[in-house]
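Q: need coordinates for the below:
(one chain, ligands or ions: 1)
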Amino acid sequence: MNEHNKDKIVKIFENVFKAEADSVFFAPGRVNLIGEHTDYNGGHVFPCAIDLGTYCAAKASKSNEFRFYSDNFPDNGIISVKLDKLNKTGLWADYPIAVVKAFRSYGYIFPHGADMAFFGDLPDGSGLSSSAALEVLTGTVLNTLYKLSATKQELALIGQFAENRFIGVNCGIMDQFASAMGKRDNAVLLDSYTLDYSYAPIPREKASILIVNSGVKHSLASSAYNDRRRECETALAELRRHIDAPSLCALSDDEFEKNAQYITEPICRKRARHAVYENSRTITALAALKNGDLSAFGRLMNESHRSLSEDYEVSCKELDLLVKTAQGIDGVLGARMTGGGFGGCTVNLVENGSVEAFERTIHDIYSKETGIVPKIYKISAEDGAKELR
Ligand code: GLA
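A: As a prediction, this is how the structure comes out:
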């Protein structure tokens, strides 16, 4: 969150809607430290909300119309929809519209519409959850303006429901949960099966989290994402003919190895192997962080990348190059792709004294090899979505 963007969205609202906003809100994006593609396999994830995200200035309306404007898509102008006719537009506003519908599916009632102006500083299609931020932000605004009394956790679930049901991406709960429930200076370990969670402080005095945007948009991601889900479901169904397992991630590494032969397709076996081992790594990573053992944490990140690249096959050559380059720099404790994959960003845990060398080396090598200048962000962990006062 930054004050400059807060002022900016207030002015944008005034220019566009010719009125003063009732209030201003922020919802963060997220970076996942470890626990990738486990959240739809009943496993653990370990993300933190970040200081990049989406801002909204909003005003409750007396009419039954919602009017949405985004400074990221100014050419689309104001997009209006009536409460009784919430049709898809094919534009960015489908996200807030989906959230309004999802709220209703959860039994909440809106007396009226609202005017909402948005602006986000998350790079689009980069795997930092700009969609989840927009969903959780819309939920937070409506919840506040109309005193709907949804809990933060419910706002995350409503965001996921909106994405699954109305946008058509079969995502897990991680992104919306991180955006709603993040905590400053902490990462959140979430059990996606039970929704139990706990926070773990990030030792900023020792190491920094750096995100590198490969500049490759993950546009193929949603169909490939749904394929991965199906492959995991096939693997689980085959295992369940022989053992009792509520989810893939309910298995220990040993249990998996003993029963892996029941999964007939080698591809499905690899996908399942990733999910099971990634879940164990994530639980071990929490212990490493709590013990202050950042080297162990970093090694688990490296291993996670290898598994995502070889077993789960969701990396790409640009992400592999960024990770390999990072892992060769002194003072880099761990590096891996983060998010759904097929492009987007890497996350790097770097000793504070090595941050400059990291930025220089990544910039030089990646630009030279790919012709793309990588964007590098040193991020801090932020609170989840909130009203800004
Ligand atoms: C996307 C999804 C999440 C999660 C990650 C992979 O970000 O939205 O639910 O599955 O991919 O870990």
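
Q: CA only for contacts and neighbour counts going forward, please
A: Noted.

Q: what parts of this protein come near the ligand?
A: Residues of the chain lying close to the ligand by CA under 6 Å from any ligand atom are Glu36, His37, Asp39, Cys171, Gly172, Ile173, Met174, Asp175, Gly339, Gly340.

Q: ok, which stretches of the stretch 201-350 of the chain are strands?
A: In the stretch 201-350 of the chain, the segments counted as strands under DSSP state E, counting those that start in this stretch are 207-213, 332-338, 345-351.

Q: let's have these in a markdown table, adding mean pLDDT and mean neighbour count.
A: Shown next, in a markdown table, are the strands of the stretch 201-350 of the chain (pLDDT from 0 to 100; neighbours: other CA atoms under 10 Å):
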| stretch | mean pLDDT | mean neighbour count |
| --- | --- | --- |
| strand 207-213 | 98 | 23 |
| strand 332-338 | 98 | 29 |
| strand 345-351 | 98 | 27 |
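
Q: of these, which is nearest Ala132?
A: strand 332-338 (15.1 Å; CA to CA).

Q: run me through the strand neighbours of the closest one, direction for each.
A: Next to strand 332-338 in the sheet, as set by DSSP bridges, lie strand 345-351 (antiparallel).

Q: picking that back up, would you reformat the strands of the stretch 201-350 of the chain as TSV and include distance to Lys258?
A: Formatted as TSV, these follow (distance: least, CA to CA, whole Å):
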stretch	distance to Lys258
strand 207-213	37
strand 332-338	28
strand 345-351	33
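
Q: what helices and strands are in contact with the top helix by length along the chain?
A: As assigned by DSSP state H, the longest helix anywhere in the chain is helix 266-290. Using 3 or more CA pairs under 8 Å, 6 or more residues apart in numbering; DSSP states H and E, the elements in contact with helix 266-290 are strand 44-45, strand 197-201, helix 221-240, helix 253-259, helix 294-310.

Q: make JSON lines out of the ones you listed and add mean pLDDT and mean neighbour count.
A: Formatted as JSON lines, the helices and strands packed on helix 266-290 follow (pLDDT from 0 to 100; neighbours: other CA under 10 Å):
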{"stretch": "strand 44-45", "mean pLDDT": "98", "mean neighbour count": "30"}
{"stretch": "strand 197-201", "mean pLDDT": "97", "mean neighbour count": "15"}
{"stretch": "helix 221-240", "mean pLDDT": "92", "mean neighbour count": "18"}
{"stretch": "helix 253-259", "mean pLDDT": "98", "mean neighbour count": "13"}
{"stretch": "helix 294-310", "mean pLDDT": "98", "mean neighbour count": "22"}
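
Q: Three-state assignment for the residue nearest to Glu359 when sequence neighbours are not counted, please.
A: Leaving aside its sequence neighbours, Glu359 sits nearest to Ile376 (CA to CA, 6 or more residues apart in numbering; 7.1 Å). Using DSSP: H, G, I helix; E, B strand; the rest coil, the structure places Ile376 in strand.

Q: just checking, Ile376 touches Val212?
A: Yes - using CA atoms under 8 Å, Ile376 is in contact with Val212, at 4.5 Å.

Q: contacting residues around the closest residue to the ligand within the stretch 251-389 of the chain?
A: Nearest residue of the stretch 251-389 of the chain to the ligand: Gly340, at 3.4 Å (CA to the nearest ligand atom). Gly340 makes contact with Glu36, His37, Gly127, Ala221, Tyr225, Val314 under the criterion CA atoms under 8 Å, 6 or more residues apart in numbering.

Q: between which two of the residues you listed is the distance greatest?
A: Farthest pair in these (CA to CA) is Glu36 and Ala221. Separation: 14.0 Å.

Q: identify the residues contacting the spatially most central residue of the chain.
A: In the chain, the residue lying closest to the centroid (CA atoms, centre = their mean) is Asp175, at 3.4 Å. Counting by CA under 8 Å, 6+ apart, Asp175 makes contact with Gly29, Arg30, Ser129, Ala132, Ala133.

Q: got the buried residues for stretch 100-112?
A: Val100, Lys101, Ala102, Phe103, Tyr108, Phe110 (16 or more other CA atoms under 10 Å).

Q: list the helices and strands whichever helix or strand the second one is part of packs on?
A: Element membership of Lys101 [criterion: DSSP states H and E] is helix 94-105. Packed against helix 94-105, as judged by 3+ CA pairs under 8 Å, 6+ apart, are the following elements: helix 130-145, helix 152-161.

Q: neighbouring contacts of that helix?
A: 86-88, 109, 131, 134-135, 138-139, 158-159, 161-163, 166-167.

Q: next: stretch 314-326.
A: Contacts of stretch 314-326 (CA under 8 Å, 6+ apart): 212, 214, 216, 308-309, 332, 334-337, 340-346, 348, 358, 361-362, 365-366, 370.

Q: keeping just the C-alphas, turn it into CSV.
A: Extracted C-alpha coordinates of stretch 314-326, given in CSV (Å, rounded to 0.1, in the frame of the first residue of the first chain):
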residue,chain,number,x,y,z
VAL,A,314,4.4,-25.8,-15.3
SER,A,315,7.7,-23.8,-15.7
CYS,A,316,9.0,-22.4,-19.0
LYS,A,317,12.5,-21.7,-20.3
GLU,A,318,12.5,-18.1,-19.1
LEU,A,319,11.5,-19.0,-15.6
ASP,A,320,14.1,-21.8,-15.5
LEU,A,321,16.8,-19.3,-16.7
LEU,A,322,15.9,-16.8,-14.0
VAL,A,323,15.9,-19.6,-11.3
LYS,A,324,19.2,-21.1,-12.5
THR,A,325,20.9,-17.7,-12.7
ALA,A,326,19.6,-16.7,-9.2
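
Q: gap between that stretch and the chain center?
A: Remark: stretch 314-326 is offset 19 Å from the chain centroid, using CA atoms, centre = their mean, to the nearest Å.

Q: remind me which residues of the stretch 51-200 of the chain are low pLDDT?
A: The stretch 51-200 of the chain contains no residues with pLDDT under 70.

Q: could you look up the SS state of whichever residue of the stretch 151-300 of the chain sits closest to the ligand?
A: Sorted by distance to the ligand under CA to the nearest ligand atom, the residues of the stretch 151-300 of the chain start with Gly172, at 3.3 Å. Look at Gly172: counting by three-state DSSP, its state is coil.
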